[in-house]
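Asks: Have a look at this fold, sequence not included:
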């Protein structure tokens, strides 16, 4: 029996998939040192998506998390998630390269990234740029379900991915669509076609099957898996590290992860969830309809929001059915960012308008023109393509190429030639107004944690009804807690 190694996804994928990056910096810093000692092979830690979210909504500087968090993690390699290109917004290549360089300068020299089409001919340039910047690259091989995504497709894509000579390949089930049967069919194919390139397995629990698929993959020779610490596990995130440790050991495998070290981490994140009103990840029941529409869980919530705005919440089943039709007409793109958002938004518009393709988004036109991947233009149904592009607005996108200003040009656009790299990146991702608000917000506040004994003691003492006065004293410290009688109700009738 082999040793199984664990990549932790709690602070990146768990925080993103389950909490929409709503965990504050100080709450993450409270946990990082203990997680660093748990025995993970590596930990996913940072992504450029955090720049916009943390600056605009939390009024926190993500550079503080990157640098302070990486300083505290001394035993476990940390990972960036992402590359030079990709995402919903096309940023200047010069700025994306600058982000990667600053991440490397912070001591993080490993990233996991992908092309949404599994188009490794296009992706080669990105991988080479990451390698030149000092990054080892884990290349995703993304699983999907459609008439196009056959065994032969995955055998060929595995060979293409391995030809890039990445540090590793990650077999990625982003939609939680794999079944044990498909896992048993595809894992040997992937392993046979990647040569001696190491491989790892990343799966989401959207349909409740990821833990079973991990066990099947381990039986077949994959021995590096991605997990999270509850409550930032299960749900739409990765399987629980505790559950997987129990199961692999029951199968006779070994693992160096110490769950005793992680139990206070679980307690801390549970405290954070309760304090901040964040959801607890829980195992999900199997749902066959997921295989029809393949809309990610987070996007379904967005569907509900869009339909609620126009009083059409009851149309959610119709919108999901429409997403399946749009995806088929668009050539079965993999339902991963940004392609899943394009498909889902157009499907929602079709339902809201009551007529298919009466209105189309700019992204739908860009997709049909191949701006978001050549396969979009090549595989789209010709009649649908004509309908999307047969309008004046589409002419504005024909022949469009992404502007690619240099860093001096970006600085000029932002109005300052002396602006620091840190500020430049924040302004490009989050906008001037949000960065200016950030400058007055100060450093993140210290986060009171359930792992701190005094906090726990005070919390318990406040629940004791039989005491009215409590004194806590030790050398150099004194704390007095007292209960007061509630004030009398004010008189409401005249005397």
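Replies: Okay, I see it. Everything numeric in this text was worked out from a predicted model, so none of it was measured.

Asks: for the protein, what helix or strand is lowest in average pLDDT?
Replies: One helix or strand of the chain scores below all others by mean pLDDT, DSSP states H and E: helix 453-461, with a mean of 59.

Asks: Next one: residue 105 relative to residue 347, how far apart?
Replies: Distance, residue 105 to residue 347, by Cβ to Cβ, to the nearest Å: 42 Å. Backbone N, C-alpha and C define where each C-beta goes, glycine included.

Asks: for residue 46, same thing?
Replies: Distance from residue 46 to residue 347, by Cβ to Cβ: 32 Å.

Asks: how's the protein carved up into domains?
Replies: Taking automatic domain parsing as the reference, the chain has its domains at 5-276, 290-395, 453-482.

Asks: that older thread, the more surrounded of residue 105 and residue 347?
Replies: Between residue 105 and residue 347, residue 347 has the larger neighbour count (other Cβ atoms under 10 Å), namely 24 against 14.

Asks: Within the helices and strands, which one has the more buried one?
Replies: Here residue 347, judged by DSSP states H and E, is contained in helix 339-353.

Asks: just how off-centre is that helix within its chain?
Replies: For helix 339-353, the separation from the chain centroid amounts to 21 Å (computed by Cα atoms, centre = their mean, to the nearest Å).

Asks: how about it: buried residues?
Replies: Under the neighbour-count criterion of 16 or more other Cβ atoms under 10 Å, helix 339-353 has 339-352 buried.

Asks: swap in stretch 232-248?
Replies: Neighbour count says stretch 232-248 has 232-245, 247-248 buried, by 16+ other Cβ under 10 Å.

Asks: Check stretch 24-33 too.
Replies: Buried, per 16+ other Cβ under 10 Å, within stretch 24-33: 24, 25, 26, 27, 28, 29, 30, 31, 32.

Asks: measure the first one to residue 413 for me?
Replies: When you say that, I think you mean residue 24. Counting by Cβ to Cβ - residue 24 and residue 413 are separated by 31 Å.

Asks: one step back: so which of the buried residues of stretch 232-248 are in helices?
Replies: 241, 242, 243, 244, 245, 247, 248 (DSSP state H).

Asks: Give me the spatial nearest neighbour of the third one, chain neighbours excluded.
Replies: To tie it back to what came earlier, the one meant is residue 243. residue 211 (6.0 Å; Cβ to Cβ, 6 or more residues apart in numbering).

Asks: Show the pLDDT at that neighbour.
Replies: If you check residue 211, the pLDDT there is 98.

Asks: I figured it was touching residue 239, is that so?
Replies: Yes - if you go by Cβ atoms under 8 Å, residue 211 and residue 239 touch, sitting 4.5 Å apart.

Asks: Pull up the overlap in contacts between those two.
Replies: Here residue 211 and residue 239 share the contacting residues residue 205, scored by Cβ atoms under 8 Å, 6 or more residues apart in numbering.

Asks: Which parts of the stretch 201-350 of the chain are strands?
Replies: Counting by DSSP state E, counting those that start in this stretch, the segments of the stretch 201-350 of the chain that form strands are 224-227.

Asks: so where's it shaky on pLDDT?
Replies: Residues of the stretch 201-350 of the chain that meet the criterion pLDDT under 70 lie in 297-298, 301-302.

Asks: So for the lengthiest helix in the chain, what gets flagged as buried?
Replies: Looking across the chain with DSSP H, the single longest helix is helix 259-276. For helix 259-276, a neighbour-count test (16+ other Cβ under 10 Å) marks 259, 262, 265, 266, 268, 269, 270, 271, 272, 273 as buried.

Asks: For the third one, give me its contacts.
Replies: What that stands for is residue 265. Neighbours of residue 265 in contact, by Cβ under 8 Å, 6+ apart: 10, 31, 34, 35, 38, 229.

Asks: same question, residue 424
Replies: So residue 424 contacts 95, 98, 407, 410, 411, 414 (Cβ under 8 Å, 6+ apart).

Asks: doesn't residue 139 fall inside a helix?
Replies: No - counting by DSSP: H, G, I helix; E, B strand; the rest coil, one finds residue 139 to be strand, located in no helix.

Asks: Any idea how many residues pack against it?
Replies: Going by other Cβ under 10 Å, the residues that sit close to residue 139 add up to 29.

Asks: does it really touch residue 172, like I thought?
Replies: No - checked against Cβ under 8 Å, the pair residue 139 and residue 172 is beyond contact range at 9.7 Å.

Asks: And the helices in the stretch 151-300 of the chain, which stretches?
Replies: Using DSSP state H, counting those that start in this stretch, the helices of the stretch 151-300 of the chain run over 151-163, 180-193, 210-219, 241-250, 259-276, 290-293, 297-309.

Asks: Of the ones you listed, which is nearest residue 135?
Replies: Distance to residue 135, taken as Cβ to Cβ, is lowest for helix 151-163 among the helices of the stretch 151-300 of the chain, at 16.6 Å.

Asks: returning to what we had before: okay, the helices of the stretch 151-300 of the chain in CSV with distance to residue 428 next?
Replies: Converted to CSV, those look like this (distance: least, Cβ to Cβ, whole Å):
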stretch, distance to residue 428
helix 151-163, 30
helix 180-193, 37
helix 210-219, 35
helix 241-250, 35
helix 259-276, 29
helix 290-293, 34
helix 297-309, 24
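
Asks: Out of the buried residues of stretch 24-33, flag the one nearest to residue 419.
Replies: residue 25 (23.0 Å).

Asks: just checking, that closest one touches residue 59?
Replies: No - the pair residue 25 / residue 59 is not scored as a contact, 10.5 Å apart, by Cβ under 8 Å.

Asks: now residue 345: how far from residue 128?
Replies: Distance from residue 345 to residue 128, by Cβ to Cβ: 33 Å.

Asks: what do you get for residue 116?
Replies: Relative to residue 128, residue 116 is positioned 19 Å away (Cβ to Cβ).

Asks: The two: which is more packed in?
Replies: Set side by side, residue 116 and residue 128 show more neighbours around residue 116, with 23 against 14, by other Cβ under 10 Å.

Asks: quick one: contacts for the closest residue to residue 64 other than its chain neighbours?
Replies: What sits nearest to residue 64 in space, not counting adjacent residues and going by Cβ to Cβ, 6+ apart, is residue 25, at 6.1 Å. Contact partners of residue 25, counting by Cβ under 8 Å, 6+ apart, are 54, 58, 60, 62, 64, 65, 444.

Asks: May I ask which of these comes out lowest in pLDDT?
Replies: At the low end of pLDDT for the contacts of residue 25 is residue 444, which has 60.

Asks: coming back round to it: would you tell me which one of the buried residues of helix 259-276 comes nearest to residue 312?
Replies: Of all the buried residues of helix 259-276, residue 312 sits closest to residue 273, with 31.5 Å by Cβ to Cβ.

Asks: wait, what's in contact with that closest one?
Replies: Listed by Cβ under 8 Å, 6+ apart, the contact set of residue 273 reads 231, 279, 280.
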